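> predicted model and sequence below, questions to follow.
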Amino acid sequence: MRTAACAMVLLCILFQGEALKCNFCFSSSSDLCVPTSVQTCSLTQNACGAVILQGPFNRSFRQCMNMAVCQGFITTPGALASCCSTDLCN
């Protein structure tokens, strides 16, 4: 019982950090949008991304996202993207 209680205390200490916060905006132009608010990321959203989609889509956005998804935009033709993992880095 004592071991379980110690484990619970340790888990609470390890996971008390705050969630990542990212700038948020969306635009229907190929210019990078100006942040309009701050978004608090979920546990699965471990990155802030800034993405410009050019061509027929012509969109830009800044938001929380999963790092793998954000990095996928970097290799997508017609997309310019940056990914980071500190508060308001996008």
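On my side now, so go ahead.
> contacts, neighbours, all on C-alpha from now
Will do.
> residue 30 against residue 50, yeah?
No: Residue 30 is not in contact with residue 50 according to C-alpha atoms under 8 Å; the separation is 12.0 Å.
> look at those two and report which has more neighbours.
More crowded of residue 30 and residue 50, by other C-alpha atoms under 10 Å: residue 50, with 26 against 18.
> can you name the next helix or strand after the one helix or strand in the chain whose mean pLDDT sits lowest?
When each helix and strand of the chain is scored by mean pLDDT, DSSP states H and E, helix 2-14 comes last, with a mean of 42. Going down the chain from helix 2-14, the next helix or strand is strand 21-27, by DSSP states H and E.
> partners of that next one, with directions?
Counting by DSSP bridges, the strands paired with strand 21-27 are strand 37-40 (antiparallel), strand 59-65 (antiparallel).
> where in the protein is pLDDT low?
Within the chain, the stretches with pLDDT under 70 are 1-16.
> can you rerun that using 50?
Counting by pLDDT under 50, the low-confidence segments of the chain come to 1, 3-16.
> OK, contacts around residue 26?
Counting by C-alpha atoms under 8 Å, 6 or more residues apart in numbering, residue 26 touches 33, 59-62.
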